[in-house]
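1. Could you look at this predicted model? Sequence included:
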Amino acid sequence: MNGFIWLQSRALIFKLACKPTQNFRKSTEKIHKKLFGETQMTNLFAVEEADFQSKVLASDVPVLVDFWATWCGPCRAIAPILEEIAQEFAGKLNIAKVNVDENSDLAAQYGIRSIPALLLFKNGKIADTVIGMQPKPRLVEFVKQHI
């Protein structure tokens, strides 16, 4: 009987410990949808495996692809910077967001092992890469080199 109570208490602790994480993920997903929903702007959009070819590789303008995840702190920190860059370079650059949890095959195809990973595609090929959180001036300089 004593062991049964111990197991129940461990299950309750686990349930309580997981709940804030699930709520946190839901709230960050809502924020991300608000920031990067397709209604926000046309040059900042979400991409999945099914439309990667048409939206990134076949693009007439360079595309900065952000491989990210909802649980990634640096990914959340870089998101507003990318939104600003999308506004500044409208018409000259598109920014695509790829959720690595939902598109793991695409992340594996491009060798993504650390996020955020920013891959700049030009004429359907990778022109340059930046890994990790970067300050806005560094990202602006990175983009200017390829436009």
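-> In hand now; what should we look at?

2. low-scoring stretches of this protein, by residue?
-> 1-41 (pLDDT under 70).

3. and the most centrally placed residue in it, how far is that from residue 59?
-> By CA atoms, centre = their mean, the chain has its centre lying nearest to residue 68, at 2.6 Å. Residue 68 sits 19 Å away from residue 59, going by CB to CB, to the nearest Å. All C-beta spots, glycine's among them, are computed from the backbone N, C-alpha and C.

4. What of residue 133?
-> 25 Å.

5. got the residue ranges for the helices in the chain?
-> 2-36, 52, 73-88, 104-109, 136-144 (DSSP state H).

6. How about residues contacting the shortest one?
-> By CB atoms under 8 Å, 6 or more residues apart in numbering, the residues outside helix 52 that reach it are 98, 106.

7. can you check the last one too?
-> Surrounding helix 136-144, the residues in contact under the criterion CB under 8 Å, 6+ apart are 62, 64, 78, 81-82, 84-85, 88-89, 93, 118, 120, 128, 130, 134.

8. let's see it at 10 Å
-> The contact list for helix 136-144 (CB atoms under 10 Å, 6 or more residues apart in numbering) reads 62, 64, 78, 80-82, 84-85, 88-89, 92-93, 95, 118, 120, 128-130, 133-135.

9. Any quick ChimeraX command for the buried ones out of the residues you listed?
-> Typed into ChimeraX, the line below selects the buried ones among the contacts of helix 136-144, using 16 or more other CB atoms under 10 Å:
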select :62,64,78,81,82,85,89,93,95,118,120,130,133,134
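
10. For the nearest residue to residue 82 once chain neighbours are set aside, list each beta-bridge partner.
-> Closest residue to residue 82 apart from its sequence neighbours, by CB to CB, 6 or more residues apart in numbering: residue 95 at 5.5 Å. Beta-bridge pairing of residue 95 under DSSP bridges involves residue 44, residue 64.
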